[in-house]
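K.L.:
the sequence and its predicted three-dimensional model are supplied below.
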Amino acid sequence: MNAKTLLVKQSVYIILFIPVLILTSCFTPKPTVETTVKNLVPGASLAGRTVLFALPRTSLVVRVQAVKTTYVPGPFRKYSGKYLGIQPEVNQKQTVWRLKEAGISSFTEPDPANYFTLTTNGVLVENALTLTGKGLILDVTREIGQETPAFTVTSDEPDGKPYFTDLSVKRNFIEKADTVYRTVMRDTGFVRIPVVKTIESPKTLDEKAEEAANFIIKIRKRRFKLMSGQYDTYPRDEALEFAVKEMTRLENEYLALFLGKKVDQTWYYRFLFTPTDPAKQQVLFRFSKESGICQNGGCKGIPVYFTWTTADNTPDIPSGTVSVADSNRIYYRIPELTDVRLNYNDRILAQKHLFIYQFGPVIELAPNVILDKAGK
C-alpha cells in the first residue's frame with residue numbers, strides 16, 4: 001500500500017469518528033427514577049409527588065323481606081255454626097313471621113387496613129391508572145360512586161286493619177216496649193195505672209251476629225238473582241262485573257266477623273356485611289316465627305348465616321408483602337371468585353357468585369409502570 005492510499009483511508013476514519021465524538025460528548029445519562037411505596041402513617045404529610053391509594057375490599061349488601069301475619073278472631077266466631085253452619089278459622093289472636101325472599105349484592109370500598117403512599121420523581125403511566133377503573137387499586141381522592149348502606153328497616157302498610165269496624169248495617173240499639181205503672185190519686189184513693197213506654201237498649205252479641213248472618217244471606221240471594229238475570233233491569237258487561245265483585249268483597253268482610261281475619265305486612269331489612277375469613281361462616285341475624293328478625297345478642301331464634309366457597313382461580317400466583325416499603329413497586333389485588341350463600345336451616349335464601357377482593361392474593365406491579373419525568 002502506497003503512501004497516497006494510506007493517507008486517504010486515514011482521512012475517511014477521521015471524518016466518520018468526529019460525529020461520533022460529538023454525539024458522545026453531548027450525551028448525558030438519564031436520571032434514575034426513585035419510587036417508594038409505604039404503608040400510610042396517620043398524620044404523615046402528602047406534599048410533593050406523593051399519591052395516596054388503597055387496596056380494595058368487597059362488602060356485601062343483603063336485602064331480606066319478612067312477612068308479619070296477624071291472625072285476629074272474629075267477634076261472632078261463637079255463632080258461626082248457629083247462624084251460618086260453618087266453623088271459625090281463627091280462634092285466638094296470634095302473630096306469625098315468615099321469611100319471604102332475600103337478595104345479595106356487592107360493592108367495592110377502600111380496605112382501611114391497606115392504605116399506602118407512593119412517592120416518586122417519575123410519573124405513572126396510563127396502564128397503572130387504569131387499574132383504578134377495574135377496582136384493583138382505589139384512588140381514595142376520587143369518588144368511588146358506590147352506595148353506603150347500613151342496617152335499615154322499612155315496612156308496607158297492611159292491606160287491612162287488624163280489627164273490625166263494620167258489625168252491622170243496622171242500628172246498634174233495639175226498641176223494646178216496657179210496661180210501667182204510674183200511681184194516680186182517685187176519689188177512693190191511689191190507683192196504679194199501666195203505661196207502655198218504649199225503651200232503647202243495646203243489642204246483644206247474639207242479635208248482632210244474627211243480623212250479620214242475615215245480611216250475608218241477603219247478599220248471596222241478590223248476587224244470584226243479578227247473575228241469573230231474574231231482575232227486570234240489571235247492569236251489563238263491565239257494570240255487572242263490578243257489581244258482582246263488590247258484592248263478593250262485602251260478603252267476605254262480613255264473613256270475617258265469623259271466620260276471623262288474617263292481615264299481612266311486609267317488612268324490608270337491609271344489612272351490611274364484610275367477609276373476612278374465607279374459611280369461616282358467620283351469623284348475619286336470627287329469626288323466629290314469633291318475633292321475626294333480630295340482631296341483639298340475647299335474642300332467640302334460628303341463626304341465618306353466610307357460607308362461602310372460593311373457586312381458587314388464582315392458586316399459583318404468589319402474594320406480595322405489603323407491610324414493608326418496596327422500591328419501584330405498586331401493589332394490587334386479584335379478586336377471588338366466591339360462591340356466597342345465605343342459609344336458614346336447610347333452606348338457601350339467596351346465592352350468588354361474586355368476586356371478593358380480600359380473598360385474593362396481593363400482587364406487585366411491574367416496575368416499568370414508573371417512568372421518568374419525560375414519560376419515556
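P.N.:
In hand now; what should we look at? Not measured: the values here are computed from a predicted model.
K.L.:
what does stretch 299-317 rub up against?
P.N.:
Under the criterion Cβ atoms under 8 Å, 6 or more residues apart in numbering, residues 60, 99, 273, 275, 278, 281-288, 291, 294, 334, 336-345, 349, 356, 359-361, 363 lie in contact with stretch 299-317. Quick note: C-beta positions are derived from backbone N, CA and C, even for glycine.
K.L.:
for stretch 251-259, same thing?
P.N.:
74-77, 79-80, 83-84, 86, 88-90, 164, 166-167, 209, 212-213, 215-216, 219-220, 223.
K.L.:
where in the stretch 101-250 of the chain is pLDDT low?
P.N.:
Regions of the stretch 101-250 of the chain meeting the criterion pLDDT under 70 cover residues 120-134, 138-151, 159-160, 162.
K.L.:
can you show me the helices along it?
P.N.:
126-133, 205-228, 237-259 (DSSP state H, counting those that start in this stretch).
K.L.:
how far does stretch 340-360 sit from its chain's centre?
P.N.:
Distance of stretch 340-360 from the chain centroid (Cα atoms, centre = their mean, to the nearest Å) equals 15 Å.
K.L.:
buried residues, it. List them.
P.N.:
340-344, 349-350, 354-360 (16 or more other Cβ atoms under 10 Å).
K.L.:
gap between the two ends of it?
P.N.:
The separation between the terminal residues of stretch 340-360, taken as Cα to Cα, to the nearest Å, is 15 Å.
K.L.:
mean confidence for it?
P.N.:
If you average the pLDDT over stretch 340-360, you get 90.
K.L.:
phi and psi next, for I86.
P.N.:
Backbone torsions of I86, given as degrees, to the nearest 10, read phi -130, psi 170.
K.L.:
ok, and the closest non-adjacent residue to it?
P.N.:
Among residues not flanking I86 along the chain, S80 sits closest, at 5.2 Å (Cβ to Cβ, 6 or more residues apart in numbering).
K.L.:
repeat for F242
P.N.:
Per Cβ to Cβ, 6+ apart, closest to F242 is P235, 7.8 Å.
K.L.:
from the buried residues of stretch 340-360, which two are the most distant?
P.N.:
Y344 and G360 (28.5 Å; Cβ to Cβ).
K.L.:
if we can go back for a sec, need the buried residues of stretch 340-360 in CSV with distance to G298, can you?
P.N.:
Formatted as CSV, the buried residues of stretch 340-360 follow (distance: Cβ to Cβ, whole Å):
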residue, distance to G298
V340, 28
R341, 27
L342, 23
N343, 22
Y344, 20
L349, 24
A350, 26
L354, 32
F355, 36
I356, 31
Y357, 34
Q358, 31
F359, 32
G360, 37
